[in-house]
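A.B. asks: generate coordinates for the sequence data below:
(one chain, ligands or ions: 3)
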Amino acid sequence: MDFRTHVIAPGATSRFAADALLIVLAGDAVPATLDEPLAAAVKEAVAQGDFAHKAGKQVYLRQVAGVKAARVLVAAVANGSAKALKSALVSGLNTLKGLGVKHLAVQLLGFDTLQSAHAEALATAWGDAVYVYRTTKPSATTVPKLEKLSLLAASKAEATELGAGLVRGAGIVEGVTLARELANRPGNHCTPSLLANEARKMAKANDLRIEVLDHKAIEKAGMGSFLSVAKGSDEPPRFIVMHYQGAAKSVAPVVLVGKGITFDSGGISLKPGAEMDEMKFDMGGAASVIGTMRAVAQLKPKVNLIGVVAAAENMPSGRAVKPGDVVTSLSGQTIEILNTDAEGRLILCDALTYVERFKPAAVVDIATLTGACIIALGNVRSGLFSADDGLAAELQAAGEAALDTCWRMPVDDDYDEGLKSNFADMANIAGRAGGAITAAMFLKRFTAKLRWAHLDIAGTAWKSGAAKGATGRPVGLLTHYVLSQAAK
Ligand code: BES
Ligand code: MN
Ligand code: ZN
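C.D. replies: Residues are numbered from 1 along each chain as shown. Ligands and ions are numbered 1, 2, ... in the order given. Presented below is the predicted three-dimensional model:
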C-alpha cells in the first residue's frame, strides 16, 4: 500500500499525472475549484443525461482532451459525511479496480470541510476493494493492479489533516485484512494451533510479546469451563496472550478478549446442517483481536494493550461435554451446560476471569456469540453490552468514527433470571427470548472485578450469500477505541 497526499494548486487537477483520476463531488453543481477541461466534461455529461449530482451517480470518461490522466471517474455523494464518501468510494473503486490502473489520484471537491475521517474512509474503502482471498483458492488471480494512491489536497494544512487519516486508515486496513484472512480460512486449516501460530508470526513481525498456553497450561490455570468446550475435539485448544506496550509499564492496559471457536458444530447439541459451513467464522472475534493488535502495533499509540484469544473447536464425540454436565469455571462458579451449542460464553467466562490479573483499565470481549443478536440488529450494527455508561459511550463513539458501528443493548439484572439452575451456580442458557442479552448476562456474572463491555458481532463479522466472506469487523471500531485511550 502506497498512500500519499499531494498538494496541488487550485485548477491543476487536469494536469495531475496518474493512470486514473477519481473525482468525488459533494453539492449539487460542479465546484468552481474544478478546472476547465474536467468541469466542461462533467457539465456535458449532466446535459446528456449521463450524470447527476445525486448519490450513487457515476460517470466514466476516457481520454478527455486537456486532461493528463487517461481515465476519469466522477462520482457524486449524498452529503459531505465520511460515511457517504465511503459508499461512493466503494463503488468507484469497484469500477476502477478491474481496469489497468496502477496509480490512482483521488480528489474530493465541494465538501464543506475535509477531515482525517474522509481520508481514512478512502484508505479503508481501498483496502476492501483490493483484498482477494487466495489461500485455498490460488486460482483467484484477479489480484488488482492498484498500487499507488495519491489523495489531492488544496493546501498544506488540508494535506496534513488528510495525511493523518491515510496513516490511520492504512493501519486499520492491515488489521482488517489480517482479520479477514484468518476468518476466511476453512476450519480444517484454521485450527486453534494455526491461530496461535499466525498470532506468533504477527507478534514477531511487529515486536509484540506473546505467550501461548497449550492444553496442559490451560488445565493448570484452572479454566475448566473453557476446557469443557475443547474436550470433544481432536484439535487441542490454545489460549493466546499478546502484549503491546506503548506507555509506561505502570499504565493500566486495555484488554481485548476474542472468541476463537475455529469451528462450531454445536457439539452434542448439534446444529442443523444448513449453513453450518459458516461456523468456520466463529473465530471472528479472535481474528478481530489479532487484527487490532496488528493495527495498533503499526500506529504505535501511547497506550498499553493486551489481546487475548481463547481458541478451541466445538465438536461432538465420545469425549464431548454433554447437556446436563456441570463444570467449574476459573472463577470457581459452577455451570450447568444445558446446551453445548452455547459454547462461546463458556470459553469467554474463563478468559474474562484470567485477565483480572492484568488489572485492566477496561476489558472488551468480542464474539460471534448469538444468532439472537442477528435477529435483533441485523448485519449493520454490532451489539454492545455494558453496565458502564462511560465505556459504552466510548465504544459507541469509536464505532461511529470508524464507520464500524454498534448499538447498545440493555443488561438489567432482571434479564439474569433465566440463568438459574438447580444443579450449579448458573445454567449456560435461558429461554429463547432476548437471547443476545441472556448471553451477555452470563458473561456479566464473571466481570464483577472488571470495567467490562461485550460486543456481539454475530451479524457483522461476515457476509453470507454470493459475497460470502469475513468483513474484518470490528477491527476499525476497536482500533479507534484504543487510539482514543491514548489521547487521554
Ligand atoms: N456461534 C454461535 C452463534 C451464531 C449463530 C453466530 C449463527 C452467527 C450465526 C453460538 O455459539 C451459538 O450457537 N449460539 C446459540 C446459543 C443458544 C444455544 C442459546 C444460538 O445463537 O443459537
Ligand atoms: Mn454454538
Ligand atoms: Zn459459537
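A.B. asks: check what pLDDT the closest residue to Asp416 other than its chain neighbours gets.
C.D. replies: Leaving out its chain neighbours, the residue that sits closest to Asp416 by C-beta to C-beta, 6 or more residues apart in numbering is Met441, at 4.6 Å. Every residue, glycine included, has its C-beta placed from N, CA and C. Confidence at Met441, expressed as pLDDT, is 98.
A.B. asks: and the chain, which of its residues are near ligand 1?
C.D. replies: 264, 282, 339, 341-344, 368-372, 374, 429, 435, 458 (C-beta under 6 Å from any ligand atom).
A.B. asks: show me which of those residues are buried.
C.D. replies: With burial judged by 16 or more other C-beta atoms under 10 Å, the buried subset of those is 264, 282, 341-344, 368-370, 372, 374, 429, 435, 458.
A.B. asks: okay, these in JSON lines with pLDDT and distance to ligand 3 next?
C.D. replies: Converted to JSON lines, these look like this (pLDDT from 0 to 100; distance: C-beta to the ion, whole Å):
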{"residue": "Asp264", "pLDDT": "99", "distance to ligand 3": "4"}
{"residue": "Asp282", "pLDDT": "99", "distance to ligand 3": "4"}
{"residue": "Asp341", "pLDDT": "98", "distance to ligand 3": "7"}
{"residue": "Ala342", "pLDDT": "98", "distance to ligand 3": "8"}
{"residue": "Glu343", "pLDDT": "99", "distance to ligand 3": "6"}
{"residue": "Gly344", "pLDDT": "99", "distance to ligand 3": "5"}
{"residue": "Thr368", "pLDDT": "99", "distance to ligand 3": "6"}
{"residue": "Leu369", "pLDDT": "99", "distance to ligand 3": "7"}
{"residue": "Thr370", "pLDDT": "98", "distance to ligand 3": "9"}
{"residue": "Ala372", "pLDDT": "98", "distance to ligand 3": "12"}
{"residue": "Ile374", "pLDDT": "98", "distance to ligand 3": "12"}
{"residue": "Ile429", "pLDDT": "98", "distance to ligand 3": "13"}
{"residue": "Gly435", "pLDDT": "98", "distance to ligand 3": "13"}
{"residue": "Ala458", "pLDDT": "99", "distance to ligand 3": "8"}
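A.B. asks: give me the subset of those residues lying in helices.
C.D. replies: 344, 372, 374, 435 (DSSP state H).
A.B. asks: name the nearest residue to the closest residue to ligand 1 within the stretch 251-400 of the chain, sequence neighbours excluded.
C.D. replies: Scanning the stretch 251-400 of the chain for the residue nearest ligand 1 gives Gly371, at 3.4 Å (criterion: C-beta to the nearest ligand atom). Nearest non-adjacent residue to Gly371, counting by C-beta to C-beta, 6+ apart: Ala458, 6.3 Å away.
A.B. asks: just checking, that neighbour touches Cys373?
C.D. replies: Yes: taking contacts as C-beta atoms under 8 Å, Ala458 lies within contact range of Cys373: 4.7 Å.
A.B. asks: contacting residues for the residue nearest to Gly371?
C.D. replies: Neighbouring residues of Ala458 by C-beta atoms under 8 Å, 6 or more residues apart in numbering: 367-371, 373-374, 383, 436.
A.B. asks: which among the ones in helices among the buried ones among the residues of the chain next to ligand 1 gets closest to Glu36?
C.D. replies: Ile374 (51.4 Å; C-beta to C-beta).
A.B. asks: make sure that closest one is actually in contact with Gly459.
C.D. replies: Yes: with contacts defined as C-beta under 8 Å, Ile374 counts as touching Gly459 at a distance of 4.0 Å.
A.B. asks: where does pLDDT dip in the stretch 1-150 of the chain?
C.D. replies: Residue ranges of the stretch 1-150 of the chain with pLDDT under 70: 142-144.
A.B. asks: helices of that one, start to end?
C.D. replies: 36-47, 82-97, 116-130 (DSSP state H, counting those that start in this stretch).
A.B. asks: with adjacent residues omitted, what lies nearest to Val46?
C.D. replies: Leaving aside its chain neighbours, Val46 sits nearest to Ala52 (6.3 Å; criterion: C-beta to C-beta, 6+ apart).
A.B. asks: so how many other residues sit close to that neighbour?
C.D. replies: 13 (other C-beta atoms under 10 Å).
A.B. asks: separation between it and Leu182?
C.D. replies: With the distance defined as C-beta to C-beta, to the nearest Å, Ala52 ends up 42 Å from Leu182.
A.B. asks: what do you get for Phe226?
C.D. replies: Applying C-beta to C-beta, the value for Phe226 to Leu182 is 20 Å.
A.B. asks: and what of Gly434?
C.D. replies: 31 Å.
A.B. asks: again, but for Arg445
C.D. replies: Counting by C-beta to C-beta - Arg445 and Leu182 are separated by 30 Å.
A.B. asks: and Ala486, by the same measure?
C.D. replies: To Leu182, Ala486 is 25 Å away according to C-beta to C-beta.
A.B. asks: how about Thr141?
C.D. replies: Thr141 is 22 Å from Leu182, by C-beta to C-beta.
A.B. asks: please apply the same query to Pro138.
C.D. replies: From Pro138 to Leu182 the distance is 18 Å (C-beta to C-beta).
A.B. asks: and the gap between Leu391 and Asp413?
C.D. replies: Look at Leu391 and Asp413: by C-beta to C-beta, they are 18 Å apart.
A.B. asks: for whatever residue of the stretch 101-250 of the chain ends up closest to ligand 1, what are its contacts?
C.D. replies: Closest contact between the stretch 101-250 of the chain and ligand 1, by C-beta to the nearest ligand atom, is at Val229 (9.6 Å). Listed by C-beta under 8 Å, 6+ apart, the contact partners of Val229 are 237, 261, 267, 312, 314, 321, 340, 343, 346-347.
A.B. asks: near ligand 2, from those?
C.D. replies: Counting by C-beta under 5 Å from the ion, Glu343 from the contacts of Val229 sit close to ligand 2.
A.B. asks: quickly check the contacts of Val229 for the two that are furthest apart.
C.D. replies: Pro237 and Thr340 (15.1 Å).
A.B. asks: gap between stretch 354-370 and the chain center?
C.D. replies: Relative to its chain's centre, stretch 354-370 lies at 17 Å (C-alpha atoms, centre = their mean, to the nearest Å).
A.B. asks: equivalent analysis for stretch 141-154, please.
C.D. replies: With C-alpha atoms, centre = their mean, you get 22 Å for stretch 141-154.
A.B. asks: end to end, how far does that stretch reach?
C.D. replies: Stretch 141-154 has an end-to-end distance of 37 Å (C-alpha to C-alpha, to the nearest Å).
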